[in-house]
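Trainee: Build me a model from this:
(one chain, ligands or ions: 1)
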Amino acid sequence: MTGLRSDELGLHVSVCLGDENLRPKPRLSVTDAIYNQQTVHDFQPQPVPAASIHALLYAAIQAPMVQSCEQYSFAIVQGRKALAELSDWSARSFSALEDQTLETPSPPGLGYLAADDRNIFFNASTLIIFYGSCASTLSLPDVWLAAGNLILAACGMGYGTRIVVEAIEALNSPEWRRRMKVPPHLFAVAPIIVGVAAGARSETSRKAPDIVSWST
Ligand SMILES: Cc1cc2nc3c(=O)[nH]c(=O)nc-3n(C[C@H](O)[C@H](O)[C@H](O)COP(=O)(O)O)c2cc1C
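Mentor: Below you'll find the predicted structure:
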């Protein structure tokens, strides 16, 4: 068997979808990936190679689905010009949306929402967009579960990621739908940038789990 062994992943893979060569070649166990995942604040400029993107998509679609007959849909953006344009467009449309919908300023910690003139993709050269089906909101949990898989698989392959919800409004605008040839039954749900992190990793901190009840 080429590629990944289940003991390398630390779990049993009972169902195989797709070509085994498309499976990510992880450098970390699942547990290591869970604890090492981090939101990247700056990316090196080189794009993620196509083979790695295919591996990431195949890892993403192994996630549990509400209805396994459905299909996941993705778009990839790698051109620097397109990403720069999408960044500008997104920052403008997200600010406008925020003005319309938020009665109070952005909560603390979301400082990235403040500036309009920055690269919302943090210099990354690869954007992967997860699409949901307009026909059913049930596609939303599927997309986010798959997005979690992709983030962990990317971590296992040595890549950093960042979810960029700021781009959703622009991606679902008629202009970007047209440019990206998105069929009418799909809408953008989860845009995630992927690449090699630039600079040192920052520590992720979390509050301890709040267990409100544990009945036995
Ligand atoms: C669902 C979700 C959406 C996010 N959207 C954005 C975004 O639009 N722009 C951005 O710069 N960061 C975004 N982030 C990153 C977070 O705001 C935050 O910077 C990051 O999660 C903090 O790092 P940590 O997860 O390592 O603690 C998003 C994170 C999540 C989980």
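Trainee: Run me through the strand neighbours of the longest strand along the chain, direction for each.
Mentor: Using DSSP state E, we find that the single longest strand of the chain is strand 186-195. Based on DSSP bridges, the pairing partners of strand 186-195 within the sheet are strand 127-133 (antiparallel), strand 160-163 (antiparallel).
Trainee: Could you confirm L152 falls within a helix?
Mentor: Yes: note on L152: a helix contains this position according to DSSP: H, G, I helix; E, B strand; the rest coil.
Trainee: can you pull the contacts of it?
Mentor: Under the criterion of CB atoms under 8 Å, 6 or more residues apart in numbering, the neighbours of L152 are V30, A33, I34, Q37, A59. C-beta here means a position set from N, CA and C on the backbone, and glycine is covered the same way.
Trainee: any idea how far the first one is from the ligand?
Mentor: When distances are taken as CB to the nearest ligand atom, to the nearest Å, V30 and the ligand turn out to be 18 Å apart.
Trainee: The second one now?
Mentor: Noted for A33: a distance of 14 Å to the ligand, by CB to the nearest ligand atom.
Trainee: What parts of the protein come near the ligand?
Mentor: Residues of the chain lying close to the ligand (CB under 6 Å from any ligand atom) are Q38, T39, L110, Y112, R162, I163, V164, V165, E166, T204.
Trainee: State the helix or strand in which the last one lies.
Mentor: T204 is part of no helix or strand when elements are defined by DSSP states H and E.
Trainee: My guess is it contacts H41. True?
Mentor: No: in this structure T204 lies outside contact range of H41 using CB atoms under 8 Å: 11.7 Å.
Trainee: and for those two, which residues touch both?
Mentor: If you check T204 and H41 against CB under 8 Å, 6+ apart, no residue is contacted by both.
Trainee: Compare these two (neighbour count), which wins?
Mentor: More crowded of T204 and H41, by other CB atoms under 10 Å: H41, with 15 against 10.
Trainee: Surely the more buried one is within a strand?
Mentor: No: with three-state DSSP as the criterion, H41 is assigned coil and is not in a strand.
Trainee: gap between it and V30?
Mentor: Taking CB to CB, to the nearest Å as the measure, H41 and V30 are separated by 24 Å.
Trainee: Equivalent analysis for E175, please.
Mentor: According to CB to CB, E175 and V30 sit 40 Å apart.
Trainee: So between these two, which is more surrounded?
Mentor: Set side by side, E175 and V30 give different neighbour counts by other CB under 10 Å, the larger being at V30 (16 against 10).
Trainee: Dihedrals phi and psi, the more buried one?
Mentor: Comment: the main-chain dihedrals of V30 come out as phi -60, psi -50, following degrees, to the nearest 10.
Trainee: what do you get for V164?
Mentor: The phi/psi pair for V164 (degrees, to the nearest 10) reads phi -130, psi 80.
Trainee: Neighbours of the residue lying closest to it once chain neighbours are set aside, how many?
Mentor: Setting aside the residues directly before and after it, V164 is nearest to P191 in space (CB to CB, 6 or more residues apart in numbering), at 4.9 Å. Look at P191: counted by other CB under 10 Å, it has 25 neighbours.
Trainee: Over to I192?
Mentor: Here the neighbour count serves as a burial measure; for I192 (other CB under 10 Å) it reads 23.
Trainee: I figured it was touching F122, is that so?
Mentor: No: under the criterion of CB under 8 Å, I192 lies out of contact with F122, with a separation of 11.9 Å.
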